[in-house]
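J.: Give the three-dimensional model of this entry:
(chains A and B)
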Amino acid sequence: MSRITNNIMINDFMKNYNRSNKNMNKIMNQLSTGKKFSQVSEAPIESIRAMKYGTTIEFNERYQENVENGIDWLEITDQALDDANNTLRRARDLAVQGATESSTQEDRDKIRQEIDEIKEHLVQIGNTTFSDRHVFSGTKTRTAPYVEEAENDNYYNEELGDVEDEDFEITGNVMREIGEGVHMSINITGSEVGFNEIFQTLDQLSGALDKEAGDDATELIQESLGEIDEHIEDVLSARGRVGAQMNRLEMTSNRLDGRKISYTKLLSDAEDVDVAKAITDLKQEENAYRASLNVGARLMDVSLVDFLR
Amino acid sequence: MSTFGGIEIGKRALQTQQKSLDVTGHNIANANTEGYSRQRAIQQATQPHTMPGLSTSGTGAGQKGTGVEVDRIERMRDQFIDNRLRHEKHSLGEWSAKWDGLREIESIYNELEDGGLVESLNEFWNAFQELNNNPESMAVRSSVVQTSVNLTSHINQLDKELGEYREHIAEEVESNVEKVNYYTGQIADLNNQIRTIQADSSKSANDLMDRRDKLIDELSELADIKVTTDDLDQTNVSLDGSTLVQGSSAYNVEVLDDERIENVEYEHYAEDGDGNDSYTVPEQAFEVNGNPIDINGGEIKGQLDVKESVADQQINKLGDLARGLATEVNSIHEEGYDLNGDEGLEFFKFNADEFKASHLEVNEDIVEDPAKLAAARLKDEDGELITGDLDDDFLDEDGNLLDVGNGDNAMLIANLKDAGDKIGGTTFNDYWESEVSKLGLEIDQAQQFKDNQENLTQQLENKREEVSGVSIDEEMTEMIKFQHGYSAAGRLVSQMDEMFDHLIGMVR
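T.: The predicted model follows:
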């Protein structure tokens, strides 16, 4: 027969009491932090998963920021191209007026002046900046791509490089990462729009208007008119590309929003405590705790000593 | 048999019951003394007289009882349970120490709270994303440099804290060895006292043996000692084959500061290109009487294991991360060009000969001048990467870089975050997360073992209580029993007294 001594009862009671307390403390921590665990060792697999979700969400925000930054950049570009388009249309109207046989030299002088101003305005458009960065200069963002006074009919800023070369083009893609490993160029260079050629055409038009009226001048103006039409096409197609890029970014932004929601949910599933379950567990644990205190208090209180005279 | 024989029986009974009552009192007094074993007075009838009986023939003899005496006071103890309990205590000590120590590493890393290393890594990658978005901005460049310095400081700090913790454990091991020596000294001392007392074979040094057993219990939790008890009730203790206690002599365990050379093969960083380096790792060795011994169990073993884990974390885990980062980031950074149109410098450096996590820092030149961050990555018309000194096409009149809006190199560095083959066959984040997770699993395992051992030892301790523990109710019952025995013996003496009264009165 095994003997049960007072100390065995006390030891067992203390063991159960401690276990109840430990469990209740754990649930209390969970409820007060809202998290299932506070150290990795409490749930090595789940907590690492939660960390990964956290990182995914953090970088999702990063990509979202990159996308928004790209959209801002493209909006500035789009406005500039819209302006360029309108300005070119005005130049075209003027060229049509200048080409009419009825226009006097005086009229054509006025037209020429306006054409010169239009050119200056277009140079400004070519040098559009977005927070101190020239959007049409490729990656040479701190260098204005165009100069107001042409050198050898060339409006490219000499600092861009070997601008004398006939094949010279502004290059360089400004890239944004819009998703894990997904990179996208958000810029369009002045050469792709064809600003230099626009300026040259306008120069040619201005020169033609300066000439005395006659077949020669009209022919030159007609020629410029044709070129302006082509430039308008080029600007429109550049705008189309900008629009497509913006669409892609908008779509990416929506996708990133969706991803954020689903990963936030996953993170919550992984690390957030199920409050209803925790409270139920707490209640159960509390009952066990009360019961053990009750029984302990009753049994440990009784002794043969009480019954001896 | 003399006339007064009856009185003598009464006296013996009184004395014996009293002695037994005293033993009960001793038990009650020590009901809550740790390590105390209950004692029992073994009563025995005294040597009877042989005498001729009246009714029997002259040669026949009757045996007449002469009363009672306490033969000995016995200690209720089960040696078998003791041995098992001590064996389990080796493991309990070991796993408790491991659990404690590994949790300390975990709280140094503190990965789930704000300020974990993964968070610092993420901030680092994020900063390079920002640099790609704004490579022209000096403000952004400064903040990228600051974030990078934060990352290296974080890594340095972890290495430093791990190093301090390792020293702390080494001290704990020493103080535990001191405890071992203290206990063995006490055991030898008690052996001596017990031998002296038990030289008289009728005496049993119960209380001293309890004390000795308690010391052995505590010793068992510290190290995997072997205990034997010889015929003379002398307890001998040995550790890994070397004697710690032999009778009344104790031999001290000495701690020797040793070191070992650990060779680390770098998957990555190596200035001289051989990819090897060696570390001097401080170690502790033990010897008894000049004989080297190993400690393979108990708290000390657990602490030694934790010390190894810490060294492994420092040298291999954190170290690999630091070297891997330096290698990968540098190799990209050196391919790029800074705002001054110069080739990228080494981004991370080790400020000492050893490529340790504690020596990792951001190149001072870059810290001083963030323009030296090589954010741009240049390609020629054929898409080939440009290296070496830049020609004038890429430079302005002052010789500075024209392509300041090019952040491709910064982006490439930021993309290391997702590069899956850079360290241990995975990404930097994943590498660290999985190391932290492994540590978490080890702690989890240690806790399970510790809990198991706790349950086991508690069960065995309860078993020991069953045999050795004092039950107050039981002692009360005993008390009443001896009390009645005493009263009855008293009545016997007074009855005798009355008889003598009559007898002596007759002579008057």
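J.: use CA for all of it now, contacts and neighbours both
T.: Will do.
J.: Please list all residues in contact with the nearest residue to A:E120 once chain neighbours are set aside.
T.: In this structure, A:E120 finds its nearest non-sequential neighbour in A:E148, 6.6 Å apart by CA to CA, 6 or more residues apart in numbering or on different chains. With contact taken as CA atoms under 8 Å, 6 or more residues apart in numbering or on different chains, A:E148 is in contact with A:120, A:123, A:155.
J.: What's the separation between A:E148 and chain B?
T.: 19 Å (CA to the nearest CA, to the nearest Å).
J.: Do me a favour and get the backbone dihedrals for that residue.
T.: phi -80, psi -40 (degrees, to the nearest 10).
J.: May I see the domains of chain B written out as residue ranges?
T.: B:5-76+B:472-494, B:82-455 (automatic domain parsing).
J.: what's the closest of those domains to chain A?
T.: Set against chain A and scored by CA to the nearest CA, the domains of chain B come closest in domain B:82-455, at 3.7 Å.
J.: The closest one near chain A at all?
T.: Yes - judged by CA under 8 Å from any CA of the partner chain, domain B:82-455 comes into contact with chain A through B:106-107, B:110-113, B:122, B:126, B:129, B:132-133, B:136, B:392-394, B:396-397, B:402-408, B:411, B:415, B:418, B:433-434, B:436-444.
J.: what are the ranges of the helices in chain B?
T.: B:5-29, B:79-109, B:117-133, B:138-198, B:206-222, B:298-312, B:319-333, B:364-368, B:408-414, B:428-468, B:472-507 (DSSP state H).
J.: Switch the ones you listed over to TSV; also include mean pLDDT.
T.: Converted to TSV, these look like this (pLDDT from 0 to 100):
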stretch	mean pLDDT
helix B:5-29	93
helix B:79-109	95
helix B:117-133	96
helix B:138-198	96
helix B:206-222	96
helix B:298-312	95
helix B:319-333	91
helix B:364-368	95
helix B:408-414	95
helix B:428-468	94
helix B:472-507	91
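J.: In a markdown table: those helices, plus mean neighbour count and distance to A:N6.
T.: Shown next, in a markdown table, are these (neighbours: other CA atoms under 10 Å in any protein chain shown; distance: least, CA to CA, whole Å):
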| stretch | mean neighbour count | distance to A:N6 |
| --- | --- | --- |
| helix B:5-29 | 20 | 11 |
| helix B:79-109 | 21 | 19 |
| helix B:117-133 | 23 | 51 |
| helix B:138-198 | 19 | 29 |
| helix B:206-222 | 20 | 19 |
| helix B:298-312 | 23 | 30 |
| helix B:319-333 | 22 | 55 |
| helix B:364-368 | 16 | 70 |
| helix B:408-414 | 25 | 67 |
| helix B:428-468 | 19 | 9 |
| helix B:472-507 | 15 | 7 |
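J.: want to throw those into a markdown table with distance to A:E42?
T.: Shown next, in a markdown table, are the helices of chain B (distance: least, CA to CA, whole Å):
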| stretch | distance to A:E42 |
| --- | --- |
| helix B:5-29 | 44 |
| helix B:79-109 | 11 |
| helix B:117-133 | 18 |
| helix B:138-198 | 21 |
| helix B:206-222 | 26 |
| helix B:298-312 | 19 |
| helix B:319-333 | 25 |
| helix B:364-368 | 40 |
| helix B:408-414 | 32 |
| helix B:428-468 | 7 |
| helix B:472-507 | 42 |
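J.: Looking at these, spot the one closest to A:A95.
T.: Evaluated over the helices of chain B, closeness to A:A95 peaks at helix B:117-133, with 41.9 Å, by CA to CA.
J.: And what about the residue nearest the centre of chain A, helix, strand or coil?
T.: In chain A, the centroid-proximal residue (CA atoms, centre = their mean) is A:V67; its distance is 1.8 Å. What DSSP: H, G, I helix; E, B strand; the rest coil gives for A:V67 is helix.
J.: what separates it from chain B, distance-wise?
T.: For A:V67, the distance to chain B - CA to the nearest CA - is 10 Å.
J.: so that residue sits right up against A:R176, yeah?
T.: Yes - look at A:V67 against A:R176 with CA atoms under 8 Å: they come within range, at 7.4 Å.
J.: coming back round to it: output the domains of chain B as CSV; include the columns distance to A:S47.
T.: Formatted as CSV, the domains of chain B follow (distance: least, CA to CA, whole Å):
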stretch, distance to A:S47
domain B:5-76+B:472-494, 42
domain B:82-455, 8
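J.: if I read this right, B:G440 contacts A:F37, doesn't it?
T.: No - contact criterion CA under 8 Å: B:G440 and A:F37 do not qualify, at 11.9 Å.
J.: who touches both of the two?
T.: By CA under 8 Å, 6+ apart, the residues touching both B:G440 and A:F37 are A:A43.
J.: rewinding a little: pull the contacting residues for the residue nearest to the centre of chain A.
T.: So A:V67 contacts A:176-178, A:249-250, A:252-253 (CA under 8 Å, 6+ apart).
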